[in-house]
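In: Here is a sequence with its predicted model. Questions after.
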Amino acid sequence: MEMASMSHQSNGTSELELNEVMCFPNRITSNMIYGRDSPFHFSLPLLLVQVSLVIIITNIIRFVLRPLKTPTIVADIIGGILIGPSGLGHNKRFQETLFPCKSINELNIGAMIYVILFLFLMGVKQDCGVIMNSGRKAWIIAISGTVFALVCMSCSFAISASVFNTVSRGMVPEVLVSSYSITAFTSLHPILVELNLLNSKLGRLAMSASTNIDVLGWLFGIIFGALNQGSSTPYKAFCYIVSALALYIFIFFINRPLMFYIIHRTPEGRPVRGSYIVGIILMAFVVTFFGDLIGLTVMNAAWMLGLAIPDGPPLGAAIVDKTETILDCFFRPIFYAFIGVKTNVFAIKDWTAWGTLQVAVLLGYIAKVVGTILPSRYFNIPFYEALSLGLIMNFKGIVEFIILVHLSNYKIMDEQSYTTLILSTVAVTAISAPLVRRFSRNSKLYTPYGLRTIQHSKPNKELRILVCIHTQEDVPTIINLIEASNALTVRAWNLNLVELVGRAVPMLIPHNVRRRSSFSTMPHIKQINNAFQKYEQESGRWVSVQSYTSVSPYKTMHHDICMLALDKKISLLILPFGTQQMPGISREPVVERTLRMMNSNVLEEAPCSVGILVDQRQQRNLFVRNSAYHVCVLFLGGADDREALAYGALMVRHPRVWLDVVRILPRQQDETDVEQSELDEKLVALFRIKFTDNPRVSYREERVNDCEETLNVIRYVEKEYNLMLVGRKHETNSILVKGMCQWCENPELGVIGDFIACSDFFKGRISLLVVQQQINVGIVLLNGRQILASQLAQLRRTVP
């Protein structure tokens, strides 16, 4: 078989060049170990060894780079480069044995299958509504960054044209400038997922901007393709445009209604039939074939078909679930191995040309950052967030690699230029990602101005509560909690938490009459929202509830929760602990750990007080208005216990709430913070004076010598309560809890909360609310003066 390559002519056609003659065996399997021929002379055993070696080396590199928090794409490229002529492949015997020239075609086919399916899946995950609803800010940032990079790189290439002496076509500057000035959504999204920035403010803005760039790139790609075809005859340009329009009409006006028909045929709660999934994936290959036939790029055809498929469950989620694992674990390493095999650092010999190309690309990256920062500052985005956004918009990935491989395969770019650009792309992404991670950690995204606690709220001010819902089973207990808090006017926000599956873009959806979404009609969300609407109607004007749904990965769902709490000026944020203690409900251990991590993230970043609700009761009925609701507050001392006591004092203003306060004190002088002890005494004294004549309030003190006696006091609480309130954090040196930390299985509940939640004595009888007072404070006002967060301790001493 002749090994051939394509070279482009000035008229846009291609010419076949013969490089060498290769002989292939007439079978793909070996003659077993008893034959005289090496098994590596046959395609199948050679491909199996190649794929196994690629997967092993790639995973080793990922493991080594994991402590550095390096994006997976960097590890994959490094693994591919190590296999190629820059690493192990530099050994001639290794290359001729495991990666001979005749085997590159098989790797190329595997790589292209990955490209087609990956771009198809990214289209499936992408929401067309994001394109339609992109605001002015996203469009201006997208265009500004692109234009700055485009102009800067064009000027740089014009000045230093000598860098292209080693390339065969003058089109290379235009191709590189256009590809390196854009930010592709398909390249950006996987890195944002790894950085846990998917539904942060920066992540949302970056994805909106990159989606806009994709639309512009698609339009210019069609125009450029028509002009390229029309360089020979206008008839070819006309045929190209008509063929492209016909394909897109089929995708969006024939194929898309067919997808909705499949969704309609799938019963609620049932999985999509496997035959439908196979047919849709087959359609991706067919559409890509016709796209290649009429001159469209592989990227456009597969991505467009994915866009036509409704994202999310049931269909989009099913397609992603069935194909993503095999794609990421098997085909992805093959793609990056193919890139690495073509990367040869030893081909870099003209250091002047190398330096000039690097300078031009570096200037493009810098221009992209500057072009992003300027409009961001215009929209009042803080400087470090704008800088992070500029770095994010420089992330490169599969789209840029596809373009470079295309230029190399068609001899438009020589080996040195290809290697230089591959290495620079990897280096920029490897450097930018840790910087973005650092800046995002240091920025206080959810720090409010003022104290948002129950303890420091004005006496007659409305209570603002944000409640988060995982399942329908959470609803009765949370409605009971809101009703018990209904001594004042209550404004509540219900946030349904839905894991992001089969989508690329997270969503925060408000539910109201004017605006409806597909999630509004999901059975369990509809039932939850209806329950809160019914409760609001029965409560009259004293309670108002507004429902939202957060669709995002659990790892980053705390961004939506904290953002909504900050925007709505929430005083108390309530989170369900999980489902481990709930009878009849089970989740995968991985999901449970992720939910607990989400709760920990909220506790760390919340702009208000937080309560974690652990519901252990076997029967969950709504609070009957004429029945008693018994609440117990365990008070050991500290800011969180003071917040729990303040919440209990607010609840007892409801005529049907009965409150018992059990204060646990050490018998002897304790090594605790004197200032905190003074604050405890002040608040308890005010509480006792205020409720001394209230028959529904009782207060008692228990003296203990150690933590064991503390647990005995808690264990032998006689009355069956509907709700128990306890603070999360206590001083570890206090004899009340000293030594309990080593037994704590759930740190997000604190030592006392963890004991009550895990105790068999209370199981099935009680609900527990673990309270943490607000810890993130910006600037507060005291008598008209601004007080910084560093002076919060002094403020709390003056306002018990």
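Out: It's in.

In: so for the helix or strand that contains residue 352, what's the average pLDDT?
Out: Element membership of residue 352, judged by DSSP states H and E, is helix 351-378. Averaged over helix 351-378, pLDDT sits at 88.

In: elements contacting it?
Out: Contacts defined by 3 or more C-beta pairs under 8 Å, 6 or more residues apart in numbering; DSSP states H and E place helix 351-378 against helix 136-159, helix 172-181, helix 383-392, helix 415-442. In this view, the C-beta of every residue, glycine as well, is placed from N, C-alpha and C.

In: And residue 48, which helix or strand is it part of?
Out: helix 43-65.

In: who touches that helix?
Out: 24, 28-30, 39-40, 72, 74-76, 78-80, 82-83, 98-100, 103, 106-107, 110, 329-330, 333-334, 336-337 (C-beta atoms under 8 Å, 6 or more residues apart in numbering).

In: Who's the closest spatial neighbour of residue 531, skipping the chain neighbours?
Out: In this structure, residue 531 finds its nearest non-sequential neighbour in residue 475, 5.1 Å apart by C-beta to C-beta, 6 or more residues apart in numbering.

In: Mind listing what's buried along stretch 50-62?
Out: For stretch 50-62, a neighbour-count test (16 or more other C-beta atoms under 10 Å) marks 50-51, 53-55, 57-58, 61-62 as buried.

In: Pull the CA coordinates from that stretch and hand them back as PDB.
Out: Extracted C-alpha coordinates of stretch 50-62, given in PDB (Å, rounded to 0.1, in the frame of the first residue of the first chain):
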ATOM      1  CA  GLN A  50      -1.000   0.800  21.700                       C
ATOM      2  CA  VAL A  51      -4.300   1.500  23.300                       C
ATOM      3  CA  SER A  52      -3.300  -0.300  26.600                       C
ATOM      4  CA  LEU A  53       0.000   1.500  26.800                       C
ATOM      5  CA  VAL A  54      -1.600   4.900  26.100                       C
ATOM      6  CA  ILE A  55      -4.200   4.500  28.800                       C
ATOM      7  CA  ILE A  56      -1.700   3.300  31.400                       C
ATOM      8  CA  ILE A  57       0.800   6.100  30.700                       C
ATOM      9  CA  THR A  58      -1.900   8.700  30.600                       C
ATOM     10  CA  ASN A  59      -3.400   7.600  34.000                       C
ATOM     11  CA  ILE A  60       0.100   7.500  35.500                       C
ATOM     12  CA  ILE A  61       0.700  11.100  34.400                       C
ATOM     13  CA  ARG A  62      -2.700  12.200  35.800                       C
END
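
In: and that stretch, what's its mean pLDDT?
Out: 89.

In: before we move on, what about stretch 509-526?
Out: 65.

In: Ends of it, what's the gap?
Out: End-to-end distance of stretch 509-526 (C-alpha to C-alpha, to the nearest Å): 13 Å.

In: so what strands line up beside whichever strand or helix holds residue 548?
Out: According to DSSP H and E, residue 548 maps onto strand 543-552. Partners of strand 543-552 in the sheet, by DSSP bridges, are strand 490-499 (parallel), strand 507-511 (antiparallel).

In: which parts of the last one are buried?
Out: By neighbour count, with 16+ other C-beta under 10 Å as the criterion, the buried positions of strand 507-511 are 507-509, 511.

In: quick check, nearest of those to residue 351?
Out: Minimum distance to residue 351 across these is 49.7 Å, recorded for residue 507 (C-beta to C-beta).

In: Please tell me I have it right and that closest one contacts residue 552.
Out: Yes. Counting by C-beta atoms under 8 Å, residue 552 is a contact partner of residue 507 at 7.4 Å.

In: could you give the mean pLDDT of the strand holding residue 548?
Out: pLDDT averaged over strand 543-552 gives 87.

In: list the buried ones in that strand?
Out: So for strand 543-552, counting by 16+ other C-beta under 10 Å, buried means 543, 545-552.

In: Which of those sits closest to residue 288?
Out: Checking these one by one against residue 288 (C-beta to C-beta), the nearest turns out to be residue 551, at 29.2 Å.

In: Contact partners for the closest one?
Out: Residue 551 sits in contact with 312, 498-500, 503, 506-509, 519, where contact means C-beta under 8 Å, 6+ apart.

In: again, 7 Å this time
Out: Counting by C-beta atoms under 7 Å, 6 or more residues apart in numbering, residue 551 touches 498, 500, 503, 506-507, 509, 519.

In: Correct me if wrong: residue 123 contacts residue 301.
Out: No. Residue 123 is not in contact with residue 301 according to C-beta atoms under 7 Å; the separation is 10.1 Å.

In: between these two, which one's more packed in?
Out: Neighbour tally, residue 123 and residue 301, criterion other C-beta atoms under 10 Å: the higher count belongs to residue 301, 28 against 24.

In: nearest residue to the more buried one other than its sequence neighbours?
Out: residue 291 (2.8 Å).

In: Distance check, the one you found against residue 221.
Out: 12 Å (C-beta to C-beta, to the nearest Å).

In: circling back to that earlier point, show me how far the helix holding residue 48 is from its chain's centre.
Out: 28 Å (C-alpha atoms, centre = their mean, to the nearest Å).

In: Would you state the predicted confidence (pLDDT) at residue 10?
Out: At residue 10, the model reports a pLDDT of 40.

In: same question, residue 772
Out: 92.

In: phi, psi of the residue lying closest to it once chain neighbours are set aside?
Out: Spatially, and ignoring its direct neighbours in sequence, residue 772 is nearest to residue 728 (4.3 Å; C-beta to C-beta, 6+ apart). Dihedral angles of residue 728 (phi, psi; degrees, to the nearest 10) stand at phi -80, psi -50.

In: returning to what we had before: in terms of packing, which of residue 291 and residue 221 has more residues around it?
Out: residue 291 (24 against 16).
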